[in-house]
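In: following is a predicted model, sequence given first.
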Amino acid sequence: MIHLLHRIILVTGHYGSGKTNFSVNLALACRQAGKRVVLCDLDIVNPYFRSADFEELMHCRGIETISPTFANTNLDTPSLGAGLSAAIQQPEKTVIVDVGGDDAGAVALGRYAPEIAKGAYSMLYIYNRYRYLTRKAADALEILQEIAAASRLRHQFIINNSNLGEETDCQVVEGSFAACEELSKQSGLPVACVCAPRAIAGELSCGQPVFPIDLYVKKPWES
């Protein structure tokens, strides 16, 4: 799946779709593939599930991070300084941007749209069949379109990240295939991969690449 993506990777989706957990896993996979990686936390909407919380893990793996100035405090000010702009302009680096949920979070991304659109980029729509408001393909498509409008950028791929957290098994993942295929049909976007917990990734039967993931993001009361 990684070989399909451009150097600038924008991770968007509905609240609770698993954007941050996917972003962390993607950053680690890109680093393991030998890329110089920068993980940018642009999720200024949800203070509980943010890439900024994984800075220590990222740094231990040789991954740079860019976070809002007041990340990990009770202030949520959308200030990234010049960090993201500088990273975008460095062609030797793979930049993964964890964008806030829905169109509200994508507004912050729109600030960087002119810089991003100057070159090639991959904007991903993280789809979770089991989240409220995205159970039907038409509803998920509406959110996708709202994100694109707010960010002033275009999606290229859908990532099927349908899961129920630690309760995810093969039946849960496979139960999302039909709905995701319908979303792909309605949006005209291809499905780049299906995400699955690493323990069951080899057991899935599907026509798309499977991206094994580990569960890094947990609810506050589980941390």
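Out: Arrived safely. Residues are numbered from 1 along each chain as shown.

In: where does the chain have low pLDDT?
Out: Segments of the chain classed as low confidence (criterion: pLDDT under 70) are 44-52, 69-82, 218-223.

In: which parts of it are helices?
Out: 19-32, 55-60, 83-88, 102-110, 113-116, 137-151, 170-174, 177-187 (DSSP state H).

In: so which bits of the third one are buried?
Out: By that I understand helix 83-88. The neighbour-count check on helix 83-88 (16 or more other Cβ atoms under 10 Å) flags Gly83, Leu84, Ala87, Ile88 as buried. The way it works is simple: take the backbone N, C-alpha and C, and place the C-beta from them, glycine included.

In: so which pair among those is furthest apart in space?
Out: Gly83 and Ile88 (9.7 Å; Cβ to Cβ).

In: most packed of the helices of the chain?
Out: When the helices of the chain are scored by mean count of other Cβ atoms under 10 Å, the highest mean neighbour count falls to helix 19-32 (a mean of 23).

In: which outside residues touch that one?
Out: With contacts defined as Cβ atoms under 8 Å, 6 or more residues apart in numbering, helix 19-32 is touched by 2, 9, 11-13, 37, 39, 43, 49-51, 54, 57-58, 61-63, 94, 96, 98-99, 101, 126, 159, 161, 195, 211, 213-217.

In: separate out the buried members of those.
Out: Judged by 16+ other Cβ under 10 Å, buried ones among the contacts of helix 19-32: 2, 9, 11-13, 37, 39, 43, 49-51, 54, 58, 63, 94, 96, 98-99, 101, 126, 159, 161, 195, 211, 213, 215-217.

In: correct me if wrong: Ser205 contacts Glu174.
Out: Yes - look at Ser205 against Glu174 with Cβ atoms under 8 Å: they come within range, at 7.1 Å.
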